[in-house]
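Trainee: pasting the structure only:
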């Protein structure tokens with residue numbers, strides 16, 4: 001789920017008439033103009049949340065299957081976007097099999113299994129692509145390794161949190177601050193958003209929205225670390241703040257990829273949201289950051 005600093009009010013469209021003396025700096029209009037089907041987005045978001053929560057509460061390891069399916073769909077979408085937007089051919093069999101190996105080997109073998117599966121995926125991609133000759137070899141292999149690292153490797157760190165003895169608490173501490181960031185940032189952006197954060201990358205971002213994301217993320221992080229993990233409140237505040245930053249950067253990275261490829265969404269699987277990749281953009285890098293922070297600040 002993307003952090004809301006990227007889902008704030010859209011700024012004034014390019015070419016809109018300006019009154020004399022008005023700054024050419026993009027601004028946020030006073031009234032929101034929602035650029036997506038909000039009802040569909042809410043329904044799909046609630047359904048996805050229900051699937052994730054039920055998989056965690058009933059049998060925690062079912063969440064690994066949810067991660068595996070999500071990683072496969074997102075990898076397929078990103079490979080398709082690379083092909084449509086830039087003519088880059090990513091070998092899907094290698095990517096999908098290697099991605100599943102990363103997810104499932106991280107369960108019993110931890111970081112060693114995750115690293116080994118990623119390394120074997122990279123080597124296999126090199127050998128597989130050799131059959132196509134030297135033309136665009138570096139481009140295609142680089143895109144394959146990037147996709148494998150961006151999607152299933154990052155998902156693997158969520159698996160590492162899931163299989164910990166207090167895995168339920170770690171996953172909730174990973175996800176809830178990002179969700180709170182989304183809500184807090186959206187509200188702050190709608191009500192107060194005036195100053196663009198990254199207008200050339202994601203014109204809907206505002207600094208006011210980011211501040212709202214930070215406030216909501218830090219508060220939620222503090223509650224999660226204290227209640228779910230028995231850690232100190234300050235560790236939760238720090239964790240929440242850094243997760244908001246990583247989620248925001250993750251959303252910016254995907255926005256940059258889509259701008260480079262000339263596409264609006266990675267897919268159309270989820271009404272009101274785009275594709276699976278459009279929902280995972282902020283969570284993927286945040287999984288790595290959350291695993292590292294919680295391992296250091298609230299060790300098992």
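Mentor: Received it, and whenever you're ready, just let me know what you need. What you see is a predicted model, and the numbers here were worked out from it, not measured in a lab.

Trainee: what's around the spatially closest residue to residue 281 that is not a sequence neighbour, how many residues?
Mentor: Take residue 281 and drop its neighbours on the chain: the residue closest to it by C-beta to C-beta, 6 or more residues apart in numbering is residue 254, 3.7 Å away. C-betas here are computed from N, CA, C, even on glycine. Residues near residue 254, counting by other C-beta atoms under 10 Å, number 23.

Trainee: Can you give me every residue that contacts residue 254?
Mentor: 2, 266, 277, 278, 281 (C-beta atoms under 8 Å, 6 or more residues apart in numbering).

Trainee: which among those residues gets closest to residue 206?
Mentor: Of all these, residue 2 has the smallest distance to residue 206: 14.6 Å, by C-beta to C-beta.

Trainee: which stretches of the protein have low pLDDT?
Mentor: Within the chain, the stretches with pLDDT under 70 are 1-38, 40-41, 44-45, 193, 270-273.

Trainee: Quick one: the helices in it, in order.
Mentor: All helices of the chain, identified by DSSP state H, fall at 38-58, 62-86, 92-130, 137-148, 154-162, 167-192, 207-229, 233-261, 276-280, 283-297.

Trainee: picking up where we left off before, how near is the residue nearest to residue 281 to residue 276?
Mentor: Per C-beta to C-beta, to the nearest Å, residue 254 is found 12 Å from residue 276.

Trainee: Tell me the residues that contact both of those two, please.
Mentor: Contacts common to residue 254 and residue 276, judged by C-beta under 8 Å, 6+ apart, are residue 266.

Trainee: Just give me the neighbour total for residue 100.
Mentor: Per other C-beta under 10 Å, the neighbour tally for residue 100 reads 17.

Trainee: Kindly apply the preceding question to residue 259 instead.
Mentor: Counted with other C-beta under 10 Å, the neighbours of residue 259 add up to 14.

Trainee: what does residue 128 give?
Mentor: By the criterion of other C-beta under 10 Å, residue 128 has 16 neighbours.

Trainee: Tell me who's in contact with it.
Mentor: Shown in contact with residue 128 (C-beta under 8 Å, 6+ apart): 91, 93, 94.

Trainee: from these, which would you call buried?
Mentor: With neighbours counted using 16 or more other C-beta atoms under 10 Å, the contacts of residue 128 contain these buried positions: 91, 94.

Trainee: domains of this structure?
Mentor: Annotated domains of the chain cover 62-162, 166-300 [automatic domain parsing].

Trainee: From residue 143, how far out is the nearest residue to residue 91 once chain neighbours are set aside?
Mentor: Distances taken as C-beta to C-beta, 6+ apart place residue 128 nearest to residue 91, at 4.9 Å, with adjacent residues excluded. Distance of residue 128 to residue 143, computed by C-beta to C-beta: 13 Å.

Trainee: Residue 288 now?
Mentor: Distance of residue 288 to residue 143, computed by C-beta to C-beta: 20 Å.

Trainee: more crowded one of the two?
Mentor: residue 143 (22 against 18).

Trainee: Excluding chain neighbours, what is closest to that one?
Mentor: Leaving aside its sequence neighbours, residue 143 sits nearest to residue 88 (C-beta to C-beta, 6+ apart; 4.7 Å).

Trainee: can you check residue 220 too?
Mentor: residue 180 (3.9 Å).

Trainee: give the contact list for the one you found.
Mentor: 216, 217, 219, 220, 240.

Trainee: Throw together a PyMOL command that grabs the buried residues out of the residues you listed.
Mentor: This is how PyMOL selects the buried members of the contacts of residue 180, with burial counted by 16+ other C-beta under 10 Å:
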select buried, resi 216+217+219+220+240
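
Trainee: and which of the contacts of residue 180 is nearest to residue 115?
Mentor: The shortest approach to residue 115 among those belongs to residue 240, at 28.1 Å (C-beta to C-beta).

Trainee: can I get the contacts of residue 128 in JSON lines with distance to residue 112?
Mentor: Putting those into JSON lines (distance: C-beta to C-beta, whole Å) gives the following:
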{"residue": "91", "distance to residue 112": "25"}
{"residue": "93", "distance to residue 112": "24"}
{"residue": "94", "distance to residue 112": "21"}
